[in-house]
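Peer 1: can you look at this prediction? I've put the sequence above it.
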Amino acid sequence: MNAPHFEKVALIGIGLIGSSIAINMRERGLAREIAIATRRPETLKRAEELGLGTSYHLDTADAVRDADLVILCLPVGSCGAAAAAMAPSLKPGAIVSDVGSVKASVVQQVQPHLPANVHFVPGHPIAGTEQSGPDAGFLELFENRWTILTPLPETDEAATQRLRAFWEATGAMVEIMTPEHHDLVLAIVSHVPHLIAYNIVGTAADLETVTQSEVIKFSASGFRDFTRIAASDPTMWRDIFLTNRDAVLEMLARFSEDLASLQRAIRWGDGDALFDLFSRTRAIRRSIVQAGQDTEEANFGRLPHRKDSWNETPPAAE
Ligand SMILES: NC(=O)C1=CN([C@@H]2O[C@H](COP(=O)(O)OP(=O)(O)OC[C@H]3O[C@@H](n4cnc5c(N)ncnc54)[C@H](O)[C@@H]3O)[C@@H](O)[C@H]2O)C=CC1
Ligand SMILES: O=C(O)C(=O)Cc1ccc(O)cc1
């Protein structure tokens with residue numbers, strides 16, 4: 001058990017990420033008090049049944065009172081309103097952070113509401129699943145995963161280092177970058193891939209010659225992987241695309257150009273072009289697996305709340 005990193009931590013929102021942080025604090029003794037706030041009474045009741053906190057609040061301002069660290073664990077589009085609601089009750093010297101998948105927009109939404117005497121250190125754990133809600137959290141979620149912190153030029157360095165130490169105590173590896181760079185990188189490695197999954201599952205479901213049951217019956221594992229990703233929370237992903245618009249559109253334009261050249265290679269029977277690309281991509285996959293960064297393989301067997309019937313045996317090591 002670690003010494004507490006903070007006396008009191010307030011989590012605003014208690015879904016997959018909030019509950020995973022709460023479980024980490026509880027199991028690893030990272031905070032003495034854990035205040036949980038959420039807007040729906042049913043969710044709050046469930047968090048209490050799960051024993052995720054030490055106090056439970058429907059009022060965000062109540063939850064953050066006297067907190068040394070406040071983490072917004074909300075859909076990105078809701079962070080501004082939450083910051084406005086809690087701002088008058090923030091303790092001077094408190095660290096305010098978040099876990100949103102987009103960073104520049106969170107900075108734009110949250111910073112104007114914060115008093116000058118608190119430290120704002122935005123963050124993003126690059127770890128998750130397609131599940132949501134307070135039942136979805138688990139202790140190992142952040143282990144050996146990156147958490148990116150995007151402090152602002154004026155952010156107090158000591159506050160950033162305290163938050164780094166907190167995340168490292170959950171098992172995460174921490175990297176620091178600007179919000180804008182974060183948003184570009186995440187657009188290509190996370191946001192566009194999710195868009196592709198939503199699109200391909202939608203296209204398959206819309207095909208008039210293929211009934212829904214055939215889509216499920218004959219789906220190979222590649223398509224199944226897309227359906228897992230396309231089962232991710234609609235509110236969360238709507239907000240990601242609306243708030244990381246420019247970076248996603250830029251990466252999507254690059255993607256579309258490359259897709260057009262693949263289309264051309266297929267049309268003209270250019271097997272070399274196809275073979276070259278597939279060889280390069282296979283090498284990339286192998287280097288990711290070697291570095292131990294593959295979520296599916298790393299997470300297999302440690303997702304207690306995964307209920308999908310396609311959670312088959314892990315593939316043999318490549
Ligand atoms: N799910 C994932 O795999 C990952 C998500 N994130 C980010 O973490 C944040 C939270 O995501 P999850 O925990 O997965 O979401 P979730 O859907 O599991 O939980 C969201 C929580 O926020 C509450 N909430 C929703 N709208 C609200 C509003 N308008 N005002 C107040 N409370 C509201 C919900 O009741 C719930 O407690 C998002 O910003 C997401 O982009 C970051 C890394 C991974
Ligand atoms: O479930 C998956 O495959 C994910 O990609 C999880 C995820 C979703 C959003 C993030 O910002 C970070 C990680």
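Peer 2: That came through fine. Numbers count the residues shown, from 1 in each chain. Ligands and ions are numbered 1, 2, ... in the order given.
Peer 1: show me what the longest helix along the chain is packed against.
Peer 2: Criterion DSSP state H: the longest helix present in the chain is helix 245-267. Helices and strands touching helix 245-267, by 3 or more C-beta pairs under 8 Å, 6 or more residues apart in numbering; DSSP states H and E, are helix 179-186, helix 192-206, helix 271-290. Every C-beta, even on glycine, is put in place using the N, C-alpha and C of the backbone.
Peer 1: can you put those in JSON lines and add mean pLDDT and distance to Gly171?
Peer 2: What follows is these, written out as JSON lines (pLDDT from 0 to 100; distance: least, C-beta to C-beta, whole Å):
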{"stretch": "helix 179-186", "mean pLDDT": "98", "distance to Gly171": "21"}
{"stretch": "helix 192-206", "mean pLDDT": "92", "distance to Gly171": "24"}
{"stretch": "helix 271-290", "mean pLDDT": "93", "distance to Gly171": "19"}
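Peer 1: nearest to Ala3, of those?
Peer 2: Between Ala3 and those, the tightest spacing by C-beta to C-beta is seen for helix 179-186, at 30.2 Å.
Peer 1: hang on, the earlier thing: I'd like the helices and strands packed on helix 245-267 as a markdown table, with distance to Phe120 appended.
Peer 2: A markdown table is the format used below for the helices and strands packed on helix 245-267 (distance: least, C-beta to C-beta, whole Å):
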| stretch | distance to Phe120 |
| --- | --- |
| helix 179-186 | 11 |
| helix 192-206 | 27 |
| helix 271-290 | 33 |
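Peer 1: deepest of the ones you listed, which one?
Peer 2: helix 179-186 (a mean of 19; mean count of other C-beta atoms under 10 Å).
Peer 1: next, the angle from that one to helix 192-206.
Peer 2: For helix 179-186 against helix 192-206, the angle between stretch directions is 40 degrees (axes from the mean of the first three to the mean of the last three C-alpha atoms, to 10 degrees).
Peer 1: output the contacting helices and strands for helix 179-186.
Peer 2: Counting contacts by 3+ C-beta pairs under 8 Å, 6+ apart, helix 179-186 is packed against helix 104-110, helix 245-267.
Peer 1: can you give me the angle it makes with helix 245-267?
Peer 2: Helix 179-186 and helix 245-267 are oriented at 30 degrees to each other (the same axes, to 10 degrees).
Peer 1: hmm, back to that, what's the closest of the helices and strands packed on helix 179-186 to ligand 1?
Peer 2: Of all the helices and strands packed on helix 179-186, helix 104-110 sits nearest to ligand 1, with 8.1 Å by C-beta to the nearest ligand atom.
Peer 1: got the contact list for the next helix or strand after the closest one?
Peer 2: Next helix or strand after helix 104-110 toward the C-terminus (DSSP states H and E): strand 119-120. Identification of contacts with strand 119-120 by C-beta atoms under 8 Å, 6 or more residues apart in numbering yields 93-97, 107, 110-111, 114, 151-152, 155-156, 159.
Peer 1: what mean pLDDT does stretch 113-126 have?
Peer 2: Per-residue pLDDT values across stretch 113-126 average out to 98.
Peer 1: quick one: contacts for the residue of the stretch 101-250 of the chain found nearest ligand 1?
Peer 2: Ligand 1 sits closest to Gly128 of the stretch 101-250 of the chain, with a gap of 1.7 Å, by C-beta to the nearest ligand atom. With contact taken as C-beta under 8 Å, 6+ apart, Gly128 is in contact with Leu16, Ile17, Leu141.
Peer 1: repeat that for Gly171.
Peer 2: Contacts of Gly171 by C-beta under 8 Å, 6+ apart are Glu140, Phe142, Glu143, Asn144, Arg145.
Peer 1: please redo it, this time with the cut-off set to 6 Å
Peer 2: Phe142, Glu143 (C-beta atoms under 6 Å, 6 or more residues apart in numbering).
Peer 1: also Thr243?
Peer 2: So Thr243 contacts Val76, Val102, Ser105 (C-beta under 6 Å, 6+ apart).
Peer 1: number of nearby residues for the last one?
Peer 2: Just to be clear, that refers to Ser105. Other residues lying near Ser105 total 22 when counted by other C-beta atoms under 10 Å.
Peer 1: list the contacts for it?
Peer 2: Residues near Ser105 by C-beta under 6 Å, 6+ apart: Thr243.
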